[in-house]
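Undergrad: Please work out how this folds:
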Amino acid sequence: MEPVSVVIPTFNEAASIAKVIGELPAAWVRDIIVADGGSTDGTQAIARQAGARVLDAGRGYGRACLAGAEAATADVLVFMDGDGADRGDLLGLIAGPVVADTHEFVLASRTRGQREPGAMLWHQVLAGRAAGWGMGALYGASYSDMCAFRAIRRDTLHRLDLREMTYGWNIEMQMKAARAGLRIQEVPVPYRRRAGGESKVAGSLRGTLHASGKIVSTFLRVAAQGRAVQGRAAN
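TA: So this is what the prediction gives:
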């Protein structure tokens, strides 16, 4: 079995990060990288004690993911959240197809899996389906979610040339993966309520609006880039 590097972007996840790290199956994992965005609640110290390598990544979800990817030692990368909602014990379902080279990009679908009551708000479900519809219209991709839990090879990620340093990172990856014609698989997974703390996205109206704005602007930017590339090719 080819071990993977697990990248976990965090910001004030002290209540959950030790459990997240401890739940990961050791047989699958070469290293665990917690890319922290300046936590003030002890997340970094707890993550180190739990066995992770901790980076001071700076603020920005995409910036943390990129920093973790650059620090990884394995060829296959798995990204997941640090709030305890993703099922880390099911890492093999996400990483397995990439390790086996049957697929190049695999991501979890919370909307197609079983969700604990309150694990996702209605507007999160709607946003994932709307984004999936938009990407399907552009590229013929079949996405139902924008879940953080996903796997991809490091060299493949590098070729996608992701530029978004905010919450738009996930949708940029999905759009560019579809546009590049990667072999993509979406895996239904169970999804839990966060283990503690407050969601930076869904925990407040301000957080929801901020994340939504970044996702929408990223979608429009990447879609426009694709049209520009097609126009140059036609000429």
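Undergrad: Which parts of the chain are helices?
TA: Under the criterion DSSP state H, the chain contains helices at 17-23, 43-49, 61-71, 91-99, 122-139, 154-160, 169-179, 205-234.
Undergrad: What is the fifth one packed up against?
TA: Using 3 or more C-beta pairs under 8 Å, 6 or more residues apart in numbering; DSSP states H and E as the contact test, the elements touching helix 122-139 are helix 169-179, helix 205-234. To be clear about C-beta, it is placed using only N, CA and C from the backbone, and glycine gets the same treatment.
Undergrad: mind listing what the spatially most central residue of the chain touches?
TA: The centroid of the chain falls nearest to residue 148 when counting by C-alpha atoms, centre = their mean (2.6 Å). The contact partners of residue 148, taken as C-beta atoms under 8 Å, 6 or more residues apart in numbering, are 79-81, 86, 170.
Undergrad: now do 6 Å
TA: Listed by C-beta atoms under 6 Å, 6 or more residues apart in numbering, the contact set of residue 148 reads 79-81.
Undergrad: Give the closest residue to it in space, chain neighbours not counted.
TA: residue 81 (4.6 Å; C-beta to C-beta, 6 or more residues apart in numbering).
Undergrad: Residue ranges in the chain under the pLDDT threshold?
TA: Across the chain, the ranges flagged by pLDDT under 70 are 197-210, 226-235.
Undergrad: just to revisit the earlier point, most surrounded residue in the contacts of residue 148?
TA: Within the contacts of residue 148, most neighbours by other C-beta atoms under 10 Å means residue 79, with 27 neighbours.
Undergrad: gap between that one and residue 42?
TA: Distance of residue 79 to residue 42, computed by C-beta to C-beta, to the nearest Å: 23 Å.
Undergrad: again, but for residue 212
TA: Using C-beta to C-beta, residue 212 is found at 30 Å from residue 42.
Undergrad: before we move on, the earlier item: sort out for me which of the contacts of residue 148 are in strands.
TA: Among these, DSSP state E puts residue 79 in strands.
Undergrad: TSV for the contacts of residue 148, including distance to residue 112?
TA: Output for the contacts of residue 148, formatted as TSV (distance: C-beta to C-beta, whole Å):
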residue	distance to residue 112
79	19
80	17
81	18
